[in-house]
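Student: Sequence first, predicted model second:
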Amino acid sequence: MRGAPVVPPIVQSATFFGGGVGDTELLYTRYGNNPTQLALGRKVAALEGTEASLPFGSGMGAIAATILALAEAGDHVVASRFLYGATKVLLETELPRRGVETTFVDPLSSDAWTAAIRPNTRVLYLELPTNPTLRVFDPRLPAVLSRAREIALVADVTFASPVNFRGAEWGIDAVIHSATKYLGGHSDLIAGVVSGSSALIERIRGMLKLYGAAIDPHAAWLLDRGIRTLSVRMERHNRNGMELARWFAERPEVAAVVYPGLPDHPDHALATELLDGYGGMVGVVLRDGAAADAFCGALELARVAPSLGGVETLVSQPRYTSHVAQSTGEREALGIPDGFVRLSLGIEDADDLKRDFERGLAAGSGAETGSRVEASTSSVPDADQPGAPGGRRARG
Ligand code: PLP
């Protein structure tokens with residue numbers, strides 16, 4: 001339309017004229033029906049191939065509202081035991097206080113899902129790929145049960161982005177992203193989104209309205225802007241992921257590389273079947289914690305920070321961030337030894353990244369075993385931490 005703006009304007013308004021005789025729907029930004037929020041929802045639904053999508057003010061807002069919409073006091077959830085820390089705390093600590101119990105299962109086993117289901121089970125909950133070991137579990141196992149018993153299958157697929165994985169195609173009823181990560185892509189906003197049938201999304205909107213987790217129009221506009229480059233960003237994230245994973249795998253300083261695109265990853269075959277790209281997250285296991293500290297401390301292009309999915313490469317150590325609450329032994333049992341460094345590869349040139357990581361590896365191999373670099377690497381305030389009361393133990 002001649003004269004119309006190429007870029008949709010932000011409708012930075014809390015409320016809208018209306019509320020008179022004959023008005024059937026009131027527009028109010030907390031209801032998630034501000035035009036900027038609605039346009040964003042339509043865009044994400046188109047990406048996911050779902051009837052509808054609802055943006056939130058954070059990924060946790062989307063997760064909590066979805067579970068609250070589906071389960072009430074007396075109900076039960078079956079969840080994969082491989083979960084983002086705050087989601088685990090929500091299910092393990094917070095929701096039981098509101099009468100909703102969760103059983104955690106090994107998501108690899110179809111029998112485990114089946115055995116955990118009770119007559120009052122309302123939600124099956126899965127996350128893939130997982131943080132930080134990038135496990136990819138088969139959603140078809142819980143999807144079969146969800147169909148047969150009319151239990152909602154909910155999945156957090158933040159690490160994949162809708163470019164690499166579209167959950168609705170695999171039987172997931174509520175597909176959730178922390179849009180803070182790949183969807184936004186620039187580490188400049190906090191947002192979440194849930195996609196599914198129109199009926200389910202309207203149920204979840206009920207919780208959005210009551211618990212007040214709406215996205216601000218400005219963040220919605222930024223997210224819409226980020227999504228415009230999602231597919232080209234993901235192409236580069238996927239390419240950098242594969243190239244850097246192979247490069248690290250050749251390095252003598254590296255004990256192991258964790259990347260679903262490598263044939264030695266336990267879920268390589270399944271990831272190849274389910275995903276359209278292996279993503280930009282790579283785990284690199286160095287000799288020990290001292291080597292990991294020295295590696296992180298020597299980087300100049302990549303920066304030490306929690307969170308992921310942005311255009312800039314960020315590195316973090318799960319023992320200081322997402323898994324600070326666990327003991328060394330517990331972490332080792334999960335495949336996260338003290339030398340584990342998580343890389344969120346950005347869209348930089350792969351050779352520039354290699355030069356930077358070369359510096360890190362040299363510092364890591366020179367580090368004295370047992371020493372610890374106290375600089376910026378040690379205690380980053382963390383968006384990946386469990387973050388709810390009782391969710392952490394002291395370090396040490
Ligand atoms: N889900 C996953 C897999 C995450 O990594 C995160 C944050 O790190 C969240 C959910 C929570 O998202 P937000 O920080 O946007 O609330």
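Tutor: In hand now; what should we look at? Because the structure is predicted, anything quoted here is derived from the model rather than measured. Numbers count the residues shown, from 1 in each chain.

Student: When you work out contacts or count neighbours from here on, use the C-alpha atoms and nothing else.
Tutor: Will do.

Student: Distance check, the residue of the stretch 201-350 of the chain found nearest the ligand against Ile63.
Tutor: When scored by C-alpha to the nearest ligand atom, the stretch 201-350 of the chain has Ser307 as its residue closest to the ligand, at 5.4 Å. Here Ser307 is placed at a distance of 17 Å from Ile63 (C-alpha to C-alpha, to the nearest Å).

Student: Leaving out the residues flanking it, which one is nearest to the most centrally placed residue in the chain?
Tutor: In the chain, the residue lying closest to the centroid (C-alpha atoms, centre = their mean) is Thr158, at 3.2 Å. When the adjacent residues along the chain are set aside, Thr158 lies closest to His177, with 4.4 Å between them (C-alpha to C-alpha, 6 or more residues apart in numbering).

Student: Now do the SS call for that neighbour.
Tutor: Secondary structure for His177, judged by DSSP: H, G, I helix; E, B strand; the rest coil, is strand.

Student: Okay, and the beta partners of Gly196?
Tutor: The residues listed as beta-bridge partners of Gly196 by DSSP bridges are Ala52.

Student: is it true that it touches Asp173?
Tutor: Yes - look at Gly196 against Asp173 with C-alpha atoms under 8 Å: they come within range, at 5.6 Å.

Student: residues from this protein in reach of the ligand?
Tutor: 58-60, 84, 158, 178, 180, 190-192, 307, 383-384 (C-alpha under 6 Å from any ligand atom).

Student: repeat that with 5 Å
Tutor: For the chain, the contact set with the ligand under C-alpha under 5 Å from any ligand atom comprises 58-60, 178, 180, 384.

Student: In helices only, show me the residues you listed.
Tutor: Among the residues of the chain next to the ligand, the residues falling in helices (DSSP state H) are 59-60.

Student: who are the neighbours in contact with the nearest residue to Ala65 once chain neighbours are set aside?
Tutor: By the measure of C-alpha to C-alpha, 6+ apart, the closest residue to Ala65 outside its immediate chain neighbours is Met207, 5.4 Å from it. By C-alpha atoms under 8 Å, 6 or more residues apart in numbering, the residues touching Met207 are 65-66, 68-69.

Student: Which residue of Ser307 and Ile63 possesses the greater neighbour count?
Tutor: In this view Ser307 and Ile63 are compared by other C-alpha atoms under 10 Å, and Ile63 has more residues nearby, 26 against 18.

Student: you'd agree the more buried one is up against Ala179?
Tutor: No - between Ile63 and Ala179 no contact is recorded; they are 11.7 Å apart, counting by C-alpha under 8 Å.

Student: Report how many residues lie close to Arg2.
Tutor: What Arg2 shows, counting by other C-alpha under 10 Å, is a neighbour count of 5.

Student: hmm, back to that, quick check: buried residues in the helix or strand the residue nearest to Ala65 falls within?
Tutor: Mapping Met207 onto the secondary structure by DSSP states H and E places it in helix 198-211. Residues of helix 198-211 classed as buried: 200-202, 204-209 (neighbour count, 16 or more other C-alpha atoms under 10 Å).

Student: Next up, phi/psi of the nearest residue to Gln12 once chain neighbours are set aside, please.
Tutor: Beyond its immediate neighbours in the sequence, the residue positioned closest to Gln12 (C-alpha to C-alpha, 6+ apart) is Pro217, lying 5.6 Å away. Note on Pro217: backbone dihedrals following degrees, to the nearest 10 are phi -60, psi -40.

Student: Could you check how far the closest residue to Ile227 other than its chain neighbours is from Asp356?
Tutor: For Ile227, ignoring the flanking residues on the chain, the nearest one in space by C-alpha to C-alpha, 6+ apart is Leu183 at 5.6 Å. In this structure, Leu183 and Asp356 are 26 Å apart, going by C-alpha to C-alpha.

Student: more crowded one of the two?
Tutor: More neighbours sit around Leu183 than around the other of Leu183 and Asp356, counting by other C-alpha under 10 Å; the figures are 31 against 17.

Student: That concludes my questions; thank you for your assistance.
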